[in-house]
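Visitor: predicted model, plus sequence, below.
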Amino acid sequence: MTSRYESGLAKMNELAPGAADSMMDTFRDVCPDLAKYTVEYPFGDVLQRDVLQRDGLDFRTRELATIAALTAMGNCQPQLKGHISGALNVGCTQREITEVILQMSVYAGFPAAINGMTAAKEVFDALVDKA
């Protein structure tokens, strides 16, 4: 394993423990390189910038930006739910997440914001059910 993969794996597990292993299992028979590249580039390179650059964005801010982007895209519910859950794991509040999604109603439209808020509600409800 490369150092990019190892650092990406650690960062991904900070967001969602076991996510990289799950992704590797999912794509092992179809395209294991997709899982490897997902660990290496976004998590091993881009998301490490908060560690490598003192004046870069912290992980919380990067997760809120990711939630905004996935909400605006409007068709990424599985990834959006994963990043909402991950944002909670790295210290974002439910209120911060819902505010970001609400703001996307201005820039991406109401359907995208409604889909995003529905995804957030599902994640938040699952947390209550676990408690």
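Guide: Arrived safely, thanks for sending.

Visitor: checking residue 61 next. Helix, strand or coil?
Guide: For residue 61, the assignment made with DSSP: H, G, I helix; E, B strand; the rest coil gives helix.

Visitor: quick check: nearest residue in space to residue 63, chain neighbours excluded?
Guide: Spatial nearest neighbour of residue 63, chain neighbours left out: residue 87 (3.9 Å); criterion: CB to CB, 6 or more residues apart in numbering. All C-beta spots, glycine's among them, are computed from the backbone N, C-alpha and C.

Visitor: now the spatially most central residue of the chain: which helix or strand?
Guide: When CA atoms, centre = their mean is applied to the chain, the residue found nearest the centroid is residue 83 (2.6 Å). In this structure, residue 83 sits in helix 77-89 according to DSSP states H and E.

Visitor: what's the answer for residue 10, then?
Guide: When secondary structure is defined using DSSP H and E, the element that contains residue 10 is helix 3-15.

Visitor: now that helix, how far from the chain's geometric center?
Guide: Helix 3-15 has its average C-alpha position 13 Å from the chain's average C-alpha position, going by CA atoms, centre = their mean, to the nearest Å.

Visitor: next, the buried residues of it.
Guide: Residues of helix 3-15 classed as buried under the neighbour-count rule (16 or more other CB atoms under 10 Å) are 4-5, 7-9, 11-13, 15.

Visitor: could you point out the helix or strand that follows it?
Guide: Reading on from helix 3-15 to the C-terminus, the next helix or strand found by DSSP H and E is helix 19-27.

Visitor: where's that following helix relative to the chain centroid, distance-wise?
Guide: Per CA atoms, centre = their mean, the centroid offset for helix 19-27 relative to its chain is 15 Å.

Visitor: assign the residue sitting furthest away from the middle of the chain to helix, strand or coil.
Guide: Distance from the centre of the chain peaks at residue 29, with 24.0 Å (CA atoms, centre = their mean). Three-state call for residue 29 (three-state DSSP): coil.

Visitor: residues contacting it?
Guide: Remark: with contacts taken as CB atoms under 8 Å, 6 or more residues apart in numbering, residue 29 is in contact with nothing.
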